[in-house]
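Trainee: Turn this into a model:
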Amino acid sequence: MTDADVDGSHIRTLLLTFFYRHMPALVENNHIYIAQPPLYLVTRKKSKQYIHSEKEMDEYLLKLGISDIVLKKETDEQPMDKESVEALMNVIVDLESFLTRIEKKGTSFREFLEAKNEEGQYPRFQIETVEGFRFAYSSDEFEALKTADEEAQKLQHEQKLASMPEAEITDDMRVFKAKGLHLIELYEPGTWREIQEPHQEYPSDFSFENCAQGVYLDIDEEGLKWIDYTFYSLREVTECHLRNTGEKGMEIQRYKGLGEMNADQ
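Mentor: Next comes the predicted model:
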């Protein structure tokens, strides 16, 4: 048993690797048990809930936020039913996870969306060439860019040699060695399609990224009254409202380590 945070996860991986390499019989005979302690203790309305990960916490807050409000577009007469709101929020959570992954690789989600080509494809790879950063939409296109980049490097090499006095050029300098491209895979095959297809079921003005006029929503909080809100992206609906609504009346305790917990916990 290790701490529930990222450091604890790394330590658990190291321990399991040690057992696998040096005590394989323990693994093969199912004699290793993992006890996963909670990361959070959530107290709300006299009930206690242990949460074991950030993802589980996120889903818990959204679920509570959805249960406490009624949501409808300003242009609609009828509010969205709970199933539709929950399905929409699940799509947003998946998109947020995807967005986080590609932004960590140096590409903003807006850049990703705007890079859609005429065939309706989104980029799979980001490549650093001698001419700057480029997107590639398939492995074949990457190979073509690689060949073109090597030719551009060779041309630069030849131009450099041509600008130098012949007497200063050594045999080693005449040898051309192409530098490999720095390739970044933005996502695994099929990942974006799995997220994109359910997202297309929603109206175009339910945009994940910022839209110019905003999406006007009426929200009924705990049966009080309809309040007008303007959101400029679906992310704002979850980040600025549903998660905050879910946290109302809630006491959240985050455990930094096992030493902070008593025996019952």
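Trainee: K63: neighbouring residues, count only.
Mentor: For K63, the neighbour count with other C-beta atoms under 10 Å is 14. In this view, the C-beta of every residue, glycine as well, is placed from N, C-alpha and C.
Trainee: R124: neighbour count?
Mentor: Using other C-beta under 10 Å: R124 sits among 20 other residues.
Trainee: any idea how far it is from L88?
Mentor: Distance, R124 to L88, by C-beta to C-beta, to the nearest Å: 27 Å.
Trainee: next one: the host helix or strand of L64 to chain centre, how far?
Mentor: L64 belongs to helix 54-67 when elements are defined using DSSP states H and E. Centre-to-centre, helix 54-67 and its host chain are 17 Å apart (C-alpha atoms, centre = their mean, to the nearest Å).
Trainee: other SSEs contacting that helix?
Mentor: strand 40-44, strand 47-51, helix 82-104, helix 243-247 (3 or more C-beta pairs under 8 Å, 6 or more residues apart in numbering; DSSP states H and E).
Trainee: would JSON lines of the ones you listed with mean pLDDT and distance to Y20 be doable?
Mentor: Below are these laid out as JSON lines (pLDDT from 0 to 100; distance: least, C-beta to C-beta, whole Å):
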{"stretch": "strand 40-44", "mean pLDDT": "87", "distance to Y20": "30"}
{"stretch": "strand 47-51", "mean pLDDT": "88", "distance to Y20": "29"}
{"stretch": "helix 82-104", "mean pLDDT": "77", "distance to Y20": "28"}
{"stretch": "helix 243-247", "mean pLDDT": "62", "distance to Y20": "39"}
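Trainee: Among these, which comes closest to F176?
Mentor: Set against F176 and scored by C-beta to C-beta, these come closest in helix 82-104, at 34.4 Å.
Trainee: Low-confidence bits of the stretch 51-200 of the chain, can you list those?
Mentor: Confidence mapping of the stretch 51-200 of the chain against pLDDT under 70 gives the ranges 65, 67-76, 129-130, 194-200.
Trainee: residue boundaries of the strands in it?
Mentor: Applying DSSP state E, counting those that start in this stretch to the stretch 51-200 of the chain gives strands spanning 69-73, 125-129, 132-136, 182-185.
Trainee: Dump the host helix or strand of F18 to PDB, restricted to CA.
Mentor: If you go by DSSP H and E, F18 is part of helix 6-22. Coordinates of each C-alpha in helix 6-22 appear next as PDB, following Å, rounded to 0.1, in the frame of the first residue of the first chain:
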ATOM      1  CA  VAL A   6       1.200  10.500  -8.100                       C
ATOM      2  CA  ASP A   7       4.300   9.900  -6.100                       C
ATOM      3  CA  GLY A   8       2.600   6.900  -4.500                       C
ATOM      4  CA  SER A   9       1.700   5.600  -7.900                       C
ATOM      5  CA  HIS A  10       5.300   5.700  -9.000                       C
ATOM      6  CA  ILE A  11       6.500   3.900  -5.900                       C
ATOM      7  CA  ARG A  12       3.800   1.200  -6.400                       C
ATOM      8  CA  THR A  13       5.100   0.700 -10.000                       C
ATOM      9  CA  LEU A  14       8.700   0.400  -8.800                       C
ATOM     10  CA  LEU A  15       7.700  -2.100  -6.200                       C
ATOM     11  CA  LEU A  16       5.700  -4.200  -8.700                       C
ATOM     12  CA  THR A  17       8.500  -4.100 -11.100                       C
ATOM     13  CA  PHE A  18      10.900  -5.300  -8.400                       C
ATOM     14  CA  PHE A  19       8.600  -8.200  -7.500                       C
ATOM     15  CA  TYR A  20       8.100  -9.100 -11.200                       C
ATOM     16  CA  ARG A  21      11.900  -9.200 -12.000                       C
ATOM     17  CA  HIS A  22      13.200 -10.700  -8.700                       C
END
